[in-house]
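[1] Predicted model follows, preceded by the sequence.
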Amino acid sequence: MTAAKFGSFFMKIRSTKFKKKKIKINDRLELYKLSHALVIHEAQAQWNVSALFVLANSVLAGFIGTNLLQTNKPQPEILTLKILVGIGLTLTILWFFSNLRTSNWYRFRMAQAKQREPDGWMLFNDDAENESKGDTIIIKEEEYNLSRFFCHNLCFNISNLTIVTLMCIIFIVFYLYLFAHLGLLK
């Protein structure tokens with residue numbers, strides 16, 4: 001769909017009151033396709049931003065960690081480490097709030113796609129929704145279950161968004177520990 005077509009389609013949909021019965025089938029299908037594309041976009045944005053923050057934090061934490069292992073540092077290098085720990089903590093807090101915001105956008109786009117999904121498709125509703133909650137879904141005699149984590153019989157229902165939040169918290173604790181180690185928290 002070109003930008004001009006999207007703009008005219010969006011304005012047509014926006015100017016109509018959205019009621020499932022008043023929109024033509026083709027328009028509803030186009031709206032669903034757009035909603036599906038936005039879900040994919042938000043998921044990619046979530047992971048691209050998280051990958052950037054993980055890379056930045058890992059490089060920074062590695063640099064700080066290797067320099068802390070060396071003893072008898074001159075004073076300017078300790079000051080540099082304190083500044084880097086402050087930057088790392090600030091970076092991680094920004095990541096945490098950015099993750100919350102992009103997660104909310106992702107959930108919003110998922111809700112839109114579920115609302116606009118044609119009846120009986122079950123791509124976002126029904127089976128897919130139940131599987132994401134940890135239920136076992138059987139399709140053509142094969143079981144699918146997303147809650148299995150670590151091994152086949154040990155089940156946890158931890159979403160990818162929760163894992164990213166936990167990573168943020170781990171980095172925050174790491175930087176706070178470094179603040180305490182460097183004597184900044186007294």
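    Arrived safely, thanks for sending. Keep in mind it's a predicted model, so treat the numbers as computed, not measured. Numbers count the residues shown, from 1 in each chain.
[2] CA only for contacts and neighbour counts going forward, please
    OK.
[3] any idea how far the longest helix seen in the chain is from the chain center?
    The longest helix of the chain (DSSP state H) is helix 25-69. Remark: helix 25-69 is offset 6 Å from the chain centroid, using Cα atoms, centre = their mean, to the nearest Å.
[4] I'd like the average pLDDT over that helix.
    On average, the pLDDT along helix 25-69 is 84.
[5] That helix - contacts with which helices or strands?
    Contact here means 3 or more Cα pairs under 8 Å, 6 or more residues apart in numbering; DSSP states H and E; on that basis helix 25-69 packs against helix 75-116.
[6] For residue 169, see how far away the spatially closest residue to residue 125 that is not a sequence neighbour is.
    In this structure, residue 125 finds its nearest non-sequential neighbour in residue 114, 5.8 Å apart by Cα to Cα, 6 or more residues apart in numbering. From residue 114 over to residue 169 the distance is 31 Å, taken as Cα to Cα, to the nearest Å.
[7] How about residue 181?
    Relative to residue 169, residue 181 is positioned 18 Å away (Cα to Cα).
[8] Tell me the pLDDT of residue 107.
    86.
[9] List the buried residues of stretch 165-179.
    Judged by neighbour count (16 or more other Cα atoms under 10 Å), stretch 165-179 contains these buried residues: 165, 167, 168, 171, 172, 174, 175, 176, 178, 179.
[10] ok, those vs residue 40, which is closest?
    Lowest distance from residue 40 to the buried residues of stretch 165-179 (Cα to Cα) belongs to residue 165, with 20.0 Å.
[11] Please name the nearest non-neighbouring residue to the spatially most central residue of the chain.
    Among the residues of the chain, the one closest to the centroid is residue 46, at 4.0 Å (Cα atoms, centre = their mean). Spatial nearest neighbour of residue 46, excluding adjacent residues (Cα to Cα, 6+ apart): residue 102 at 5.8 Å.
[12] Name all residues that make contact with residue 138.
    Shown in contact with residue 138 (Cα atoms under 8 Å, 6 or more residues apart in numbering): residue 144.
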